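Asks: Here you go, sequence then predicted model.
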Amino acid sequence: LTNLLIHISVSILVFLLFRIVTNSRKTGFFWGLLFLVHPIYVQAVAWIPGRNDTLLTLYALIAVIALFRYCSTGSNGMLAVNIVSFILAMYTKEQGVLLMFIFGVIIFNSKYREQILPLSFIWFISCFLFIIPRKLVMTGGFIFSIASYYDYFTQVIMAFIISIGKLIIPLHQSVFPSVIETPLWPGLLVIILIILAYFSVGVRNKGIFTLGLFWFLVMSALPLLWGSLEDEHFEHRLYLSSIGFFLLISQLNIWSLFTKKYPRILQMFLVVILISFGAKTWIRSHTYRDEMSFAVSAVEESPLHAKAYYLLGNVYESKKDWQQAIRSYDQALEINPMNANVFNNRGDTFLQLKVFESALEDFNSALAISPDNLEVRNNRAVAYYFLQEYDLAWTDVQLVLANDGKVHPDFLLALEQKLSDQSR
């Protein structure tokens, strides 16, 4: 319910933004309603991990609208709202830092262009108000490697094209979207149509068109670069960037041309779009009804994605359907045999089935991939215990405890008792 209320609030802000940039209440109403019913946003609204994106967009839109108001009225109050909302956006998600570049484009295209340097300095200081506290509380960092930069950036470009396609032709949606399983043709078709419209009929306002293009490119960059590391391009990451794309689309003169020559046809077309998008959103929402429907959809929509089978295995394991869990983990390992978590969970399932030799084998495989994983080492100690290898179990337990890991006190007591009996 909270996510839904945030989404409705964001849709209202989209209406206000488009009313400002197009100077038309009807146009703003259409884009706000389209945003409300668009099926690409189901993941952001129905899935808890998408809340960061909805909140980020909420604060980002407040900041952008406040800046537009500042540009038209010169109100320092609106500038203050912009700065506070900008800081809140950054604290919601690191991607919010990039909003300062969008602000720069808005100011550059306004009558306050000469203030771009002092305002940029204010936004830069606002970034420090986010970065410094974050550095104080955050430790470590992300470690990743890229085997082939050519393959990596090829995937980034392909993911970018797919994202464009989903915003206009929302087909082939998936819980775990993957470049290798999603066709490029919708995105290529949309790009070709936009280019043709741009050069044949032009745009209404080049400043807003440029803002939309820049918005879409900048706010898409981090999700695309990050998602391409593991070929996971979640649809909730399009939530904020898509607004820039719709700004771009709204400025094509093709709309004015159809309004003048074929108003009834255009109205009917837009109504059909809204109804069809709304229907698809309703159907798509059932994917997120419960954990089983979510996991089953993940496998059906992404049959080549190891994490989909891993997720399904976890659901079966939570329901104590051990055999189905093992089958799902088997399929996940066929696709990606280097996932320590899958080996660990399958090993845990074998423990539940009392197949201790197979459990031990899986825990050994997991530790070969991730030797510092304390959870796996603790589980291996349990397998050793049931195989009556008490000394080896004790070695693992001691290593877990030495690294501040957790061992169940009942298991620790039972193991100590067995070691004591063995020494007599």
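Replies: Yes, it's here.
Asks: and the nearest residue to Phe160 once chain neighbours are set aside, what helix or strand is that in?
Replies: Leaving out its chain neighbours, the residue that sits closest to Phe160 by CB to CB, 6 or more residues apart in numbering is Leu224, at 5.7 Å. Placement of C-beta: from N, CA and C, glycine included. Using DSSP states H and E, Leu224 sits in helix 206-227.
Asks: which helices and strands sit right next to the helix or strand just after that helix?
Replies: Using DSSP H and E, the helix or strand that directly follows helix 206-227 along the chain is helix 241-250. Applying 3 or more CB pairs under 8 Å, 6 or more residues apart in numbering; DSSP states H and E, we find helix 241-250 packed against helix 2-22, helix 25-37, helix 149-168, helix 206-227.
Asks: so can I have JSON lines of those helices showing distance to Gly96 and mean pLDDT?
Replies: Below are the helices and strands packed on helix 241-250 laid out as JSON lines (distance: least, CB to CB, whole Å; pLDDT from 0 to 100):
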{"stretch": "helix 2-22", "distance to Gly96": "14", "mean pLDDT": "95"}
{"stretch": "helix 25-37", "distance to Gly96": "19", "mean pLDDT": "95"}
{"stretch": "helix 149-168", "distance to Gly96": "19", "mean pLDDT": "90"}
{"stretch": "helix 206-227", "distance to Gly96": "10", "mean pLDDT": "90"}
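Asks: And the ones you listed: which comes nearest Asp410?
Replies: Proximity to Asp410, assessed across those by CB to CB, is greatest for helix 2-22 (38.6 Å).
Asks: Just the residues contacting that closest one, thanks.
Replies: Residues from elsewhere that reach helix 2-22 (CB atoms under 8 Å, 6 or more residues apart in numbering): 24-25, 27-29, 31-33, 35-36, 41, 44-46, 48, 50-51, 54-55, 57-58, 61-62, 64-65, 68, 204-205, 208, 211, 243, 246-247, 250.
Asks: repeat that with 6 Å
Replies: Helix 2-22 has contacts (CB atoms under 6 Å, 6 or more residues apart in numbering) with 25, 27-29, 31-32, 35-36, 45, 51, 54, 57-58, 61, 65, 68, 208.
Asks: before we move on, what about stretch 317-324?
Replies: Stretch 317-324 has contacts (CB under 6 Å, 6+ apart) with 316, 325, 349, 352-353.
Asks: could you redo the last one with a cut-off of 7 Å?
Replies: Residues from elsewhere that reach stretch 317-324 (CB atoms under 7 Å, 6 or more residues apart in numbering): 316, 325, 345, 349, 352-353.
Asks: Now the buried members of those.
Replies: 316, 325, 345, 349 (16 or more other CB atoms under 10 Å).
Asks: can you list the residues you listed in TSV and add distance to Val400, pLDDT and secondary structure?
Replies: Putting the buried ones among the contacts of stretch 317-324 into TSV (distance: CB to CB, whole Å; pLDDT from 0 to 100; DSSP: H, G, I helix; E, B strand; the rest coil) gives the following:
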residue	distance to Val400	pLDDT	secondary structure
Tyr316	27	96	helix
Ala325	25	96	helix
Asn345	18	96	helix
Thr349	21	96	helix
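Asks: want to throw the residues you listed into a markdown table with distance to Phe160?
Replies: Listed next are the buried ones among the contacts of stretch 317-324 as a markdown table, based on distance: CB to CB, whole Å:
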| residue | distance to Phe160 |
| --- | --- |
| Tyr316 | 35 |
| Ala325 | 36 |
| Asn345 | 34 |
| Thr349 | 39 |
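Asks: now, the most widely separated pair of these?
Replies: Farthest pair in these (CB to CB) is Tyr316 and Asn345. Separation: 10.2 Å.
Asks: which of the residues in the host helix or strand of Ser328 are buried?
Replies: Taking DSSP H and E as the definition, Ser328 sits inside helix 322-335. For helix 322-335, the neighbour count (16+ other CB under 10 Å) marks 322, 324-326, 328-329, 331-333, 335 as buried.
Asks: need the contact list for Val105.
Replies: 210-211, 214.
Asks: rerun that using 8 Å as the cut-off
Replies: So Val105 contacts 210-211, 214-215 (CB under 8 Å, 6+ apart).
Asks: Can you pick out the most distant pair from those residues?
Replies: Farthest-apart pair in the contacts of Val105 is Thr210 and Trp215; separation 9.4 Å (CB to CB).
Asks: Who has more neighbours out of these two?
Replies: Between Thr210 and Trp215, counted using other CB atoms under 10 Å, Trp215 has the larger neighbour count: 27 against 17.
Asks: thinking again about what came up before, wait, which of the contacts of stretch 317-324 is closest to Asn76?
Replies: For the contacts of stretch 317-324, the closest approach to Asn76 (CB to CB) belongs to Asn345, at 56.1 Å.
Asks: pretty sure that closest one is touching Asn314, no?
Replies: Yes. The criterion here is CB atoms under 8 Å, and Asn345 meets it with Asn314 at 6.5 Å.
Asks: Please enumerate the shared neighbours of those two.
Replies: With CB under 8 Å, 6+ apart as the test, Asn345 and Asn314 both reach Ala325.
Asks: for this protein, what are the low-confidence residue spans?
Replies: Counting by pLDDT under 70, the chain has low-confidence residues at 134-147, 231, 424.
Asks: before we move on, back to that, okay, the contacts of stretch 317-324 in JSON lines with distance to Leu188 next?
Replies: Putting those into JSON lines (distance: CB to CB, whole Å) gives the following:
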{"residue": "Tyr316", "distance to Leu188": "39"}
{"residue": "Ala325", "distance to Leu188": "40"}
{"residue": "Asn345", "distance to Leu188": "39"}
{"residue": "Thr349", "distance to Leu188": "43"}
{"residue": "Gln352", "distance to Leu188": "49"}
{"residue": "Leu353", "distance to Leu188": "49"}
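Asks: From Ala402, how far off is the closest residue to Phe411 other than its chain neighbours?
Replies: Take Phe411 and drop its neighbours on the chain: the residue closest to it by CB to CB, 6+ apart is Val382, 6.6 Å away. Applying CB to CB, to the nearest Å, the value for Val382 to Ala402 is 18 Å.
Asks: More neighbours: those two, which one.
Replies: Val382 (23 against 9).
Asks: what residues does the helix or strand harbouring that one touch?
Replies: Element membership for Val382 (DSSP H and E) is helix 374-386. For helix 374-386, contacts defined as CB under 8 Å, 6+ apart pick out 340, 343-344, 347-348, 351, 354, 356, 359-360, 363-364, 366-367, 370, 390, 392-394, 396-397, 399-400, 403, 405-407, 411, 414-415, 418.
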